[in-house]
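*Asks:* what's the 3D shape of this:
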Amino acid sequence: MTTRELYRMFFRFVKKGRQYHTVLGSGNYIEEVTNTDVHFRTRKGRMSHRISRLKIKAAISYFMAARTITRNDLEVYSRFNSSLFGLLRYAFLKITKWSKTSKRYWRLSMTDQIHFFSGLCRAPRDMYLAKENGATHILISYFAVRDDFQERWLYYAKKLGLQIMIDPGEYSRYKAELNGQDAAPITVEEYASFIKRHKKSIHSYLNLDVIGDPAQSEENYRTLIKRLGEDYRPIPVWHVQSEWTHLDTIMELDEPVVAIGGSAFLSEEKRERVFRKLYERYPLGNFHALGLASRLAFSFPWFSSDSTAWLQGRKSHSLLTTNGHVTAPAEWTSEECLCFNVQTLVQHLQHNYDRIFQAALLVKPAHKAQQLCLF
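*Replies:* Below you'll find the model as predicted:
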């Protein structure tokens, strides 16, 4: 769904006017809708107030990009942010969820799931293939690109208009270290410098978590905020190997999204048990699933997720379906397998607000010409 579609949805709603006299959370009601403004009045107030259509459109654009907002996030668009928040809540009631944060703020969040495609740090051809098949967001590992001084990943991502999340890559570094490779530790200072340099180019970034050391992870989180500012905070990460009390502490930070990591070390059955307990504990939480593209990506109401599993179409001729991985028909090419996996993750997760999944049909994706000359 585009910003324009959301904007039209919004005004189809507000033009219904007075029949929604309790539409706004503050007790306000819509009084009039003109070509330039939405006029509203409080139940107790004597004066009519207004919010311009341009400000409303800007607020919708922000909501479309962030996918989760509180009333305070709308202060830059209108001093009547409570009324604007109420309008957004009811206009998009069918595609959002409504929750109260630990600091007692109301939060409005989209109910679909964005998938960040990873494994693209040094693969522009795959980046193009992902984009052509519907991908809008990618995840870049700092560990994989910290020595790429030409920053080709950034050039191609900008060229294709892809939204970027930065992962410090501690999991990859940890695996390399276990395999006896020379993997220099990632320091919070170098990571902060990298994020600061690319601040205007990226969508979001994850905290520099330390596997098995929640205290150091928390210290890194606070250091990043100190270096980058309160208005550009990292997404905190909780590992499934850590105590649940540590997650409780993270949730008290009231961040828009919390990443769940460490599940790659568990079997599918153990991961499912942990995720079930996670959503029993925080049923309305906005969680990002790190490294997840199995049937569990479709089984829980994730806010977002990422993985390299879509690349198994090349490595093992595997197709990702809502019921798990299956072997592709023998006549399928590796490229067709990749296209199928991207389309599965995009079409079944993004803009699927009801999270109803159809049975998987192994239909070969249509071939698209690759115009690599763009680069």
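
*Asks:* And the contacts of stretch 91-98?
*Replies:* Outside stretch 91-98, the residues within contact range by C-beta atoms under 8 Å, 6 or more residues apart in numbering are 1, 6, 9-10, 13-14, 63, 89, 106-112, 284, 353. Using the backbone N, CA and C atoms, a C-beta is placed for each residue, glycine as well.

*Asks:* likewise stretch 330-349?
*Replies:* Taking C-beta under 8 Å, 6+ apart as the rule, stretch 330-349 contacts 112-115, 117, 126, 129-130, 132-136, 293, 297-298, 305, 309-314, 317-322, 328, 357, 360, 362, 364-365, 367-368.

*Asks:* Does anything pack onto the lowest-mean-pLDDT helix or strand in the chain? Which helices or strands?
*Replies:* Lowest on mean pLDDT, DSSP states H and E among the helices and strands of the chain sits helix 3-14, with a mean of 73. For helix 3-14, the contact count by 3 or more C-beta pairs under 8 Å, 6 or more residues apart in numbering; DSSP states H and E identifies strand 29-33, helix 53-66, helix 81-91 as packing neighbours.

*Asks:* Can you tell me which of these is nearest to residue 182?
*Replies:* Taking C-beta to C-beta, helix 53-66 is the member of the helices and strands packed on helix 3-14 nearest to residue 182, at 39.0 Å.

*Asks:* could you check the angle strand 29-33 makes with the closest one?
*Replies:* Orientation of helix 53-66 against strand 29-33 (axes from the mean of the first three to the mean of the last three C-alpha atoms, to 10 degrees) gives an angle of 120 degrees.

*Asks:* So for helix 53-66, what gets flagged as buried?
*Replies:* Across helix 53-66, burial judged by 16 or more other C-beta atoms under 10 Å covers 53, 55, 56, 57, 58, 59, 60, 62, 63, 64.

*Asks:* Could I get those residues in JSON lines, plus columns for distance to residue 174 and pLDDT?
*Replies:* What follows is those, written out as JSON lines (distance: C-beta to C-beta, whole Å; pLDDT from 0 to 100):
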{"residue": "53", "distance to residue 174": "50", "pLDDT": "89"}
{"residue": "55", "distance to residue 174": "46", "pLDDT": "93"}
{"residue": "56", "distance to residue 174": "46", "pLDDT": "90"}
{"residue": "57", "distance to residue 174": "44", "pLDDT": "91"}
{"residue": "58", "distance to residue 174": "42", "pLDDT": "93"}
{"residue": "59", "distance to residue 174": "41", "pLDDT": "93"}
{"residue": "60", "distance to residue 174": "41", "pLDDT": "91"}
{"residue": "62", "distance to residue 174": "36", "pLDDT": "93"}
{"residue": "63", "distance to residue 174": "36", "pLDDT": "93"}
{"residue": "64", "distance to residue 174": "35", "pLDDT": "90"}
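
*Asks:* would you list every one of the strands in the stretch 251-375 of the chain?
*Replies:* Ranges of strands within the stretch 251-375 of the chain are 258-261, 287-289, 304-307, 318-321, 324-327, based on DSSP state E, counting those that start in this stretch.
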